[in-house]
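> the sequence and its predicted three-dimensional model are supplied below.
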Amino acid sequence: MFDISSVLVGLAGLAAISIVLLAHDWRDEHRARMAARERAHRHPLRAWWLRHRH
């Protein structure tokens, strides 16, 4: 019969693999959202302020 420690090691390995795969997808999605957010923050008043502050 299966030893409980080998089952736990297998589950931990599967959990680690799934976390790595999900974290990679999240990072790509986060990067796309931040790029869209940065484009949304560009407006004339902000551009003027950044040019004229000293």
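The structure has been received and is ready for your questions. Numbers count the residues shown, from 1 in each chain.
> only C-alpha atoms from now on, for both contacts and neighbour counts.
Fine.
> poorly predicted segments of the protein, please.
Counting by pLDDT under 70, the chain shows low-confidence ranges at 1-2, 25-26, 39-42, 54.
> repeat the analysis, applying 80 as the threshold.
1-2, 22-44, 46-47, 54 (pLDDT under 80).
> where do the helices sit along it?
Assigned by DSSP state H, the chain shows helices spanning 4-40, 44-52.
> contacts for the shortest one next, please.
Applying CA atoms under 8 Å, 6 or more residues apart in numbering, helix 44-52 has no contact partners.
> winner for burial among the helices of the chain?
Ranked by mean neighbour count, the helices of the chain are led by helix 4-40 with a mean of 11 (mean count of other CA atoms under 10 Å).
> which secondary structure elements does it sit against?
In terms of contacts (3 or more CA pairs under 8 Å, 6 or more residues apart in numbering; DSSP states H and E), helix 4-40 is packed against no helix or strand at all.
> off-centre distance for that helix?
8 Å (CA atoms, centre = their mean, to the nearest Å).
> for residue 38, see how far away residue 47 is.
From residue 47 across to residue 38, the span is 13 Å (CA to CA, to the nearest Å).
> now do the shared contacts for these two.
By CA under 8 Å, 6+ apart, no residue touches both residue 47 and residue 38.
> distance of residue 16 from residue 23?
Residue 16 is 10 Å from residue 23, by CA to CA.
> try residue 50
Counting by CA to CA, the separation of residue 50 from residue 23 is 35 Å.
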